[in-house]
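S.K.: the sequence and its predicted three-dimensional model are supplied below.
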Amino acid sequence: MERYYLGSNTAKGFVSLYDRALRDMNDIVLLKGGPGTGKSTLMKKVAEEGVKRGYDIECWHCSGDPASLDGVYVKGLERVVVDATSPHAIEPKIPVVKESIVNLLDCVDRHKMAPYAKHIEKLVDDKKRCFATAYEHLNIAFCYYKQIERTLIHGIDIKKMRLYARRVLEEIKVKNICAGQRKTGNERFQKAVTADGVTGFCDHLACKEVCLLKGESATVHLFLGELTRECAPDTIIYDGFVGDAFEGIVVHDLAIVKDVGSVQPDRIIDLTQFEGEHRYQVGYSAMREEEEVASAVGHLQSARAVHNDIEKYYVDAMDFDHLNQIVADVIRQIFA
């Protein structure tokens, strides 16, 4: 089982990779529903059933609350169950043929919710404000990131780095070198800015040759950009803070990444050689970036607390017998 994020709270707002991840799926179950209506629980049961049946499973976690799931991908069957509500609202492109909609709001007794409508509406607005403030702090953090990037990139010899990238690929014997022939691979976030901080998963590194990239984020992004000019990755790992910059690539059984968690790397690729003395000039900006990200995380925690308050009203109005029937129906559909 592998775990990723397909959405992250970035300096550019919420960035979603869902549309790209779903384009090649055969069967997509789109879950619609409010907080506490059982979407994450349903997906966890699908994942458990998949593991029980021997399938390779990808779990896509929620950047708002990493303990919750936003999607489950059953490899081999190319089938997925995904939360299709905001902030990654997904609508069917080929209804019935490719996508089906499961509306968990059918399990909610509207009459039980009605007396609290105004209060719930206020809570929803409060949650939106918490996210908006979090993104303001992430945007400020991004300004410091750009200062670091400008300082580092100014002193880097791009031609020298490009030659080094080619030499690295030759040394680690990457077989599918095909400069200029980019193929469409998987796109994932290994880490995301979440209510629990900047968190991530390294399950996908198991049983792979792992190369750890040592250097500042801006240098890593530039180096990986040069690598992908020379090879076609099976998976591109994006930076969960910047949103559209590379933080790692996977080519066959080789992973070249900035973060390995507790995994022991087979090789370290030291990029500080390109940063020179400039890397000692970015301390203040790095500290301020970290502070602003921490402030953003605090507001994401507030958003999660408000979300949990909203959840209680839906949970109290749920028909769990109906929900259990829907769960069983979805499991049958996915593993039919």
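M.R.: All right, it came through fine.

S.K.: would you mark the buried spots in stretch 7-15?
M.R.: By neighbour count on 16 or more other C-beta atoms under 10 Å, the buried set for stretch 7-15 is 7-11, 13-15. Glycine gets a C-beta too; all of them are placed from N, C-alpha and C.

S.K.: ugh, wrong one, I meant stretch 151-171
M.R.: Buried, per 16+ other C-beta under 10 Å, within stretch 151-171: 151-153, 156, 161-162, 164-166, 168-169.

S.K.: kindly report the same for stretch 51-67.
M.R.: Buried residues in stretch 51-67, counting neighbours by 16+ other C-beta under 10 Å, are found at 55, 57-66.

S.K.: can you tell me which two in those are farthest apart?
M.R.: Tyr55 and Gly64 (26.8 Å; C-beta to C-beta).

S.K.: wait, Thr194 sits on His299?
M.R.: No: using C-beta atoms under 8 Å, Thr194 is not in contact with His299; the gap is 11.9 Å.

S.K.: report the distance from the host helix or strand of Tyr164 to the chain centre.
M.R.: Assigned by DSSP states H and E, Tyr164 belongs to helix 158-171. Distance of helix 158-171 from its chain centroid, counting by C-alpha atoms, centre = their mean, to the nearest Å, is 29 Å.

S.K.: also stretch 145-162?
M.R.: Using C-alpha atoms, centre = their mean, the offset of stretch 145-162 from its chain centre is 26 Å.

S.K.: and stretch 309-317, by the same measure?
M.R.: Offset of stretch 309-317 from its chain centre (C-alpha atoms, centre = their mean): 27 Å.

S.K.: can you map out the strands along the stretch 101-250 of the chain?
M.R.: Assignment of strands within the stretch 101-250 of the chain using DSSP state E, counting those that start in this stretch yields the ranges 186-189, 191-194, 197-200, 209-214, 235-238, 246-251.

S.K.: and the first one, what's its mean pLDDT?
M.R.: Per-region confidence: strand 186-189 scores 94 on mean pLDDT.

S.K.: among Thr194 and His299, which residue is more densely surrounded?
M.R.: Neighbours were counted for Thr194 and for His299 using other C-beta atoms under 10 Å; Thr194 has more, 24 against 21.

S.K.: measure Ser302 to Val96 for me?
M.R.: For Ser302, the distance to Val96 equals 40 Å [C-beta to C-beta, to the nearest Å].

S.K.: same drill for those two, tell me which one is more crowded.
M.R.: Each of Ser302 and Val96 has its neighbours counted (other C-beta under 10 Å); Ser302 has more, 18 against 8.

S.K.: from memory that one sits against Arg129, does it?
M.R.: No: taking contacts as C-beta under 8 Å, Ser302 lies outside contact range of Arg129: 9.0 Å.

S.K.: tell me, how many residues neighbour Gly225?
M.R.: 15.

S.K.: so who does the residue nearest to Gln281 when sequence neighbours are not counted touch?
M.R.: Sequence neighbours aside, Thr151 is the residue nearest to Gln281 in space, at 5.6 Å (criterion: C-beta to C-beta, 6 or more residues apart in numbering). Neighbouring residues of Thr151 by C-beta atoms under 8 Å, 6 or more residues apart in numbering: 278, 281-282, 285.

S.K.: against Arg166, how distant is Pro265?
M.R.: Look at Pro265 and Arg166: by C-beta to C-beta, they are 21 Å apart.

S.K.: meant to ask about Asp203
M.R.: Distance from Asp203 to Arg166, by C-beta to C-beta: 30 Å.

S.K.: with Asp65 instead?
M.R.: 42 Å.

S.K.: quick one: the helices in the stretch 1-150 of the chain, in order.
M.R.: Using DSSP state H, counting those that start in this stretch, the helices of the stretch 1-150 of the chain run over 18-22, 39-52, 110-113, 117-154.
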